[in-house]
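Novice: From the sequence below, what's the structure:
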Amino acid sequence: MELIQSFSVDHTRIVPGIFTSRVDQVGDETVTTYDIRMKRPNREPVIDVAAMHSLEHIVATFLRNDPDWKDQVIYWGPMGCLTGFYLILKGDRPSRALLDLMLAAFRFAANAAEVPGATAVNCGHYQMHNLAMARWYAAEFADYLEANAKNDGIFTYPQTERLVTPEGQHFYDS
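Specialist: So this is what the prediction gives:
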């Protein structure tokens, strides 16, 4: 089996940032998956599960209500590794073009007074939320993005080089 695209990113070198994960053509529509990476994989503690859940609710609500972006949003959800989120949008923009949107979304989350949809009727695990920690992580990430906005490294994935033999064996750099 071929290694999927997100596994070809060098997770030993990735830093928090906004990255283009993949661009797909779905019928006549181009859709782009963005990696909104909040933590350095395998080097920082992951985001607390309850805080991650709260961030999912808060930022999804922000994105789907933003007048300039709501019609472009297909999906916002957490990565299984708990180091960030995936954002899927209609169209194909460079990752840097999302900086202002992500700053606004995470500043909104940092100041949220409640977790939208955190009731038994609206949520599959409504008791698993942590607003205080979600606000802390959101502020930390927004501050980081702001401080590093001119650093191209937070917008470009470090790639793992894959050498392939004529027989199809894969070798990876270390």
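
Novice: Stretch 92-108: which residues count as buried?
Specialist: Buried positions in stretch 92-108, judged by neighbour count with 16 or more other Cβ atoms under 10 Å: 93, 95, 98, 99, 101, 102, 103, 104, 105, 106, 107, 108. For every residue, glycine as well, the C-beta is placed using N, CA and C.

Novice: make that stretch 26-37, sorry
Specialist: Neighbour counts over stretch 26-37 (16+ other Cβ under 10 Å) mark 31, 32, 33, 34, 35, 36, 37 as buried.

Novice: show me the contacts for the last one.
Specialist: To tie it back to what came earlier, the one meant is residue 37. For residue 37, the contacting residues are 14, 15, 16, 17, 18, 19, 83, 84, by Cβ atoms under 8 Å, 6 or more residues apart in numbering.

Novice: where does residue 60 land in three-state SS?
Specialist: Put simply, residue 60 is helix when judged by DSSP: H, G, I helix; E, B strand; the rest coil.

Novice: Give me the neighbour count for it.
Specialist: 19 (other Cβ atoms under 10 Å).

Novice: Wait, it touches residue 70, no?
Specialist: No - the criterion here is Cβ atoms under 8 Å, and residue 60 misses it with residue 70 at 10.8 Å.

Novice: Just give me the closest of the buried residues of stretch 26-37 to residue 54.
Specialist: residue 36 (15.4 Å; Cβ to Cβ).

Novice: and the most centrally placed residue in the chain, which of the three is it?
Specialist: Nearest to the centroid of the C-alpha atoms of the chain, with distances taken as Cα atoms, centre = their mean, sits residue 36, at 2.3 Å. Under three-state DSSP, the three-state class of residue 36 is strand.

Novice: Check what pLDDT it gets.
Specialist: Listed pLDDT for residue 36 reads 98.

Novice: Next, work out how far apart it and residue 137 are.
Specialist: Distance, residue 36 to residue 137, by Cβ to Cβ, to the nearest Å: 12 Å.

Novice: list residues touching both of these two?
Specialist: Residues touching both residue 36 and residue 137 (Cβ under 8 Å, 6+ apart): there are none.

Novice: that older thread, with respect to residue 54, which of the contacts of residue 37 is nearest?
Specialist: Taking Cβ to Cβ as the measure, residue 54 lies nearest residue 84 of those, at 14.8 Å.

Novice: so the closest one makes contact with residue 44?
Specialist: No - assessed by Cβ under 8 Å, residue 84 is found out of contact with residue 44, at 11.1 Å.

Novice: Including neighbour count and secondary structure, could the contacts of residue 37 go into JSON lines?
Specialist: Listed next are these as JSON lines, based on neighbours: other Cβ atoms under 10 Å; DSSP: H, G, I helix; E, B strand; the rest coil:
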{"residue": "14", "neighbour count": "22", "secondary structure": "coil"}
{"residue": "15", "neighbour count": "16", "secondary structure": "coil"}
{"residue": "16", "neighbour count": "20", "secondary structure": "coil"}
{"residue": "17", "neighbour count": "25", "secondary structure": "strand"}
{"residue": "18", "neighbour count": "22", "secondary structure": "strand"}
{"residue": "19", "neighbour count": "22", "secondary structure": "strand"}
{"residue": "83", "neighbour count": "24", "secondary structure": "coil"}
{"residue": "84", "neighbour count": "25", "secondary structure": "strand"}
